[in-house]
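Visitor: need a 3D model of the following:
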Amino acid sequence: MTHHHPLVLGIDSSTQSTKAVLVEADTGRVRATGRAPHEVTGTGGARESDPATWVRALCAAVGSALADLTADGTDPAAVTAVAVAGQQHGLVTLDDAGRPLRPALLWNDTRSAPQAASLLADLGGEDAWTARTGSAPVAAFTATKWRWLRENEPDAAAACTAVRLPHDFLTERLCGHAATDPGEASGTGWYSTALGAYDDELLRLIGLDRGRIPPLAATGAARAGLLTTAAARALGGLTPGIPVAVGTGDNMAAALGLGLGRTGLLHHPVLSLGTSGTVFAATTTRPAARGVSGFASADGAYLPLACTLNCTLATDRIATLLGLHRDDVLPGGETVLLPYLDGERTPDVPGASGILSGLRHGTTPQQILGAAYEGASVSLLRALDSVLAAAGADPAAPDVARLPIRLIGGGARGRAWVETVRRLSGRPVIVPASGEVVARGAAALAVAAATGADPVTVALGWQDTGTTELPALDRDTEAWERVSGFLDRATPLL
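Guide: Numbering: from 1, shown residues only. Okay, the predicted model is just below:
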């Protein structure tokens, strides 16, 4: 077998599946991909996964990609580094042998909403939290899940000798060393963006010993260690001893995959349309604002972010209930549907359920489905305004209001999502050709770990041919005001 371009392996371990991409380090060309599903269990507010299933999925996805690579005549020895990006916030608890004590509590497990409220009060409210960490705790954050575990399963908490987030857990399995980065750490609730370090007072507040959490690297591009012989074998024949990057959270990796980073300028805001809806922008301004998660980025800057729980999964469920294809939609007309099927995070109403209003005799199923898209999109676009403000911009300023939106995630491949966002935002929309931007960002971190290059520069140097750029439409202000006004009136009831 031969190889001409060095390759890197970028891994995206998301809520529903693991994606692995083998990328040419110098060109960004994707040479092979693999995918394997996860299992999420739980009813009511519970959402859990066995971390062992992530390991199996990682091995299966990488093995599938390597099989395609070797079928193409390329030697797996061409792979020079690996990095993992993963779903944020999840709580992985390990015993003294490094084995999971129980299934991981995932980011969308809302059982810790009471603990989030108590933590908020313990420090003196939202402003006190954002001044220190950049974010106020919500049920998604790891700190709230740790407090939930201590209160509800004290034996498991007492037996826990190590706390990891999903990507930290997988990185440690690859190289044998624990490490995390500021981007991932800033979603825990115990990392201070003001200090650029773990906050010992917050760790005392939640009852978590610093010795249980991984050391903090400067960036996600730092080396966590080298690929172990056992991991190389389990992954299907990689070379032992290649660098393993520290890696980062999925949203931070997506920003890198899009080439967003430290420039001093506010980069194109991003809407990620997946199981959850996420909006973020890269900035050098430290965000500390209500309603926004003031995360660090993987490259030493900041990534103000807001997340909604109900996005593509919710609209697909409404389509299934109506017996429609997901793109068989019309604008909602008088109908308003807030598809808060899993509670909601933005606005912060974790106990909410879906709410439907404005039905008439003439209302069609297509309009009801269109209203679900509008409800989910208005929640996200209102969150976008909050993110832009947290990044130091005026959302109403003409130059800011004309900033293009980049759409990523599974929903960006759907006509209904793209057209609803265009109609309600009045902004130009860019749909990158590369569908796997999280894995692509992880691949850029792998290049940086192998070569010392800046990962944003690496990603910007990669060609992404086939990107779709759609011009702005006249904004549908009538639909916007109808849905947004209803949301304002309904939120106290929810």
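Visitor: from here on, just use CA atoms for contacts and neighbour counts.
Guide: Noted.
Visitor: and the residue in the chain sticking out farthest from the centre, how close does it get to G411?
Guide: For the chain, the largest distance from the centre (C-alpha atoms, centre = their mean) belongs to H361, which lies 40.4 Å off. H361 sits at a distance of 30 Å from G411 (criterion: C-alpha to C-alpha, to the nearest Å).
Visitor: do R132 as well
Guide: R132 is 34 Å from G411, by C-alpha to C-alpha.
Visitor: for T229, same thing?
Guide: Relative to G411, T229 is positioned 39 Å away (criterion: C-alpha to C-alpha).
Visitor: pick out whichever of those two has more residues nearby.
Guide: G411 (21 against 15; other C-alpha atoms under 10 Å).
Visitor: ok, and what's touching stretch 223-240?
Guide: 58-60, 62-63, 66, 76-77, 79-80, 171, 173-179, 241-246, 449 (C-alpha atoms under 8 Å, 6 or more residues apart in numbering).
Visitor: quick one: buried residues of that stretch?
Guide: 223-228, 231-232, 234-240 (16 or more other C-alpha atoms under 10 Å).
Visitor: any stretches of this structure with poor pLDDT?
Guide: 1-3, 262-267 (pLDDT under 70).
Visitor: show me where the stretch 351-494 of the chain has its strands.
Guide: Remark: strands assigned in the stretch 351-494 of the chain by DSSP state E, counting those that start in this stretch are 355-357, 405-408, 429-431, 468-470.
Visitor: for the first one, packing partners?
Guide: When contacts are defined as 3 or more C-alpha pairs under 8 Å, 6 or more residues apart in numbering; DSSP states H and E, strand 355-357 sits against strand 336-338.
Visitor: what lines up beside the strand it packs on in the sheet?
Guide: strand 355-357 (antiparallel) (DSSP bridges).
Visitor: in the partner strand, which residues are buried?
Guide: Judged by neighbour count (16+ other C-alpha under 10 Å), strand 355-357 contains these buried residues: I355.
Visitor: so how far is it off the chain centroid?
Guide: 28 Å (C-alpha atoms, centre = their mean, to the nearest Å).
Visitor: where does D464 fall, phi/psi-wise?
Guide: D464 adopts backbone torsions of phi -120, psi 80, taken as degrees, to the nearest 10.
Visitor: quick one: neighbours of it, just the number.
Guide: Neighbour tally, D464, other C-alpha under 10 Å: 15.
Visitor: got the contact list for it?
Guide: G28, P432, A433, S434.
Visitor: E344 against N310, yeah?
Guide: Yes: in terms of C-alpha atoms under 8 Å, E344 counts as a neighbour of N310; the distance is 6.9 Å.
Visitor: who has more neighbours, these two?
Guide: N310 (29 against 25).
Visitor: in a helix, that one, correct?
Guide: No: N310 is assigned coil when assessed by DSSP: H, G, I helix; E, B strand; the rest coil, not a helix.
Visitor: now do it against R326, distance only.
Guide: Distance, N310 to R326, by C-alpha to C-alpha: 15 Å.
Visitor: swap in A128?
Guide: In this view, A128 and R326 are 42 Å apart by C-alpha to C-alpha.
Visitor: so for these two, which sits in the more crowded spot?
Guide: R326 (22 against 17).
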